[in-house]
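Trainee: sharing a model that was predicted from the sequence below.
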Amino acid sequence: MGRGGKGDVQHPTKGALAQEDQTFGMANGSRLILEARMNSKETTEMNLEGLLQALANNRNVAGIVNYGSRSATATEGSGDVDLLVIVDKEPEHVESLHIWVGNTPVDLNIRSLHDLLADRPLTSFDSEMIGGVIIYDRGGTLQDFLATAVRRWVPQSSIWNESDTAFIRFTLSHAMHKAHSHLEDDHLLARYIMSTQLYWIVHTYLMVAGEPFRGEKKALDWLKNMKPEVYVSVERFLDATLLQEMSRLYEWLTRDCLSPIGGIWDAGEPIALARDSGCTEDLQSRGRAVLKDLLNSEFIGG
């Protein structure tokens, strides 16, 4: 849903510019060892310093940006390490790599210098990545490239069509009705449905507001700042032990997130989903016509 998603939250334009350059210094003496490890694909035996050295030793790598909450240069920490690797020539078909370095998961998002000069980011998350801290800059010009991209990639409101709206309304509403139907006979299934749908409810709040999805933590931070009542309801939902309280909060969140785009799909409203993305207008009237034809009846309204 959304694949990016999007109130008026400050765009992360100053991360790479305002923070002190923490360019990583290579230890040339370890180069052969690191290359041997990379050739044997034993990245789990490396440490983060070794990973950064191996990347910096690669002639195709123009720079490395550390975004996210964990510093790649810290010797201790928890969680994953997020890296944007800027290359001269991007690999064919591969947008990112996700590896383990020791016991640390590492995200390697690969972009070319050409990507930074494009009018639009490759993904909605690129605007977040370029706001990180530069930890390696081969030619000393990466900051200028990032600054140019920051100015160019002003977040745009999502352009929704009738098909997108119908799909979101149906999927969230259908899940809510299904969870409610199992409140009495299958508590585990009801809890499972409600819990998994919370992720998409939060996504929908962001998408309706035209705010990109920048990860779970920042999504919650956005809710806390921009929609505090929703944030409190999410918090109470996750803390709820009584099924009925969980269900009440879940229904409120579902109805609230859908209210700006037509509300819950409920009894009395046929809703059509598009066969392909090309159908963006008059979808619901087309759907009513198809239903009328299938039933060979005149009782379907308008």
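Mentor: Yep, it's here.
Trainee: what residue lies at the spatial centre of the chain?
Mentor: Geometric centre of the chain, nearest residue: residue 213, 4.3 Å, by C-alpha atoms, centre = their mean.
Trainee: which parts of the stretch 201-302 of the chain are helices?
Mentor: Ranges of helices in the stretch 201-302 of the chain, per DSSP state H, counting those that start in this stretch, are 216-226, 228-239, 243-258, 283-295.
Trainee: can you put the ones you listed in TSV and add mean pLDDT, mean neighbour count and distance to residue 82?
Mentor: For glycine as for every other residue, the C-beta is placed from the backbone atoms N, C-alpha and C. Shown next, in TSV, are the helices of the stretch 201-302 of the chain (pLDDT from 0 to 100; neighbours: other C-beta atoms under 10 Å; distance: least, C-beta to C-beta, whole Å):
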stretch	mean pLDDT	mean neighbour count	distance to residue 82
helix 216-226	94	16	12
helix 228-239	98	15	24
helix 243-258	97	18	27
helix 283-295	88	14	38
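Trainee: please, which helix or strand holds residue 123?
Mentor: Under DSSP states H and E, no helix or strand contains residue 123.
Trainee: and residue 66, by the same measure?
Mentor: Residue 66 belongs to strand 61-67 when assigned by DSSP H and E.
Trainee: centre of the chain to that strand, how far?
Mentor: Strand 61-67 sits 20 Å away from the centroid of its parent chain (C-alpha atoms, centre = their mean, to the nearest Å).
Trainee: just checking, next helix/strand downstream of that strand?
Mentor: strand 81-87.
Trainee: partner strands of that next one, with direction?
Mentor: Here strand 81-87 is paired, per DSSP bridges, with strand 61-67 (antiparallel), strand 104-112 (parallel).
Trainee: out of those strands, indicate the one that is most buried.
Mentor: Across the strands paired with strand 81-87, averaging neighbours per residue (mean count of other C-beta atoms under 10 Å) puts strand 61-67 on top, at a mean of 23.
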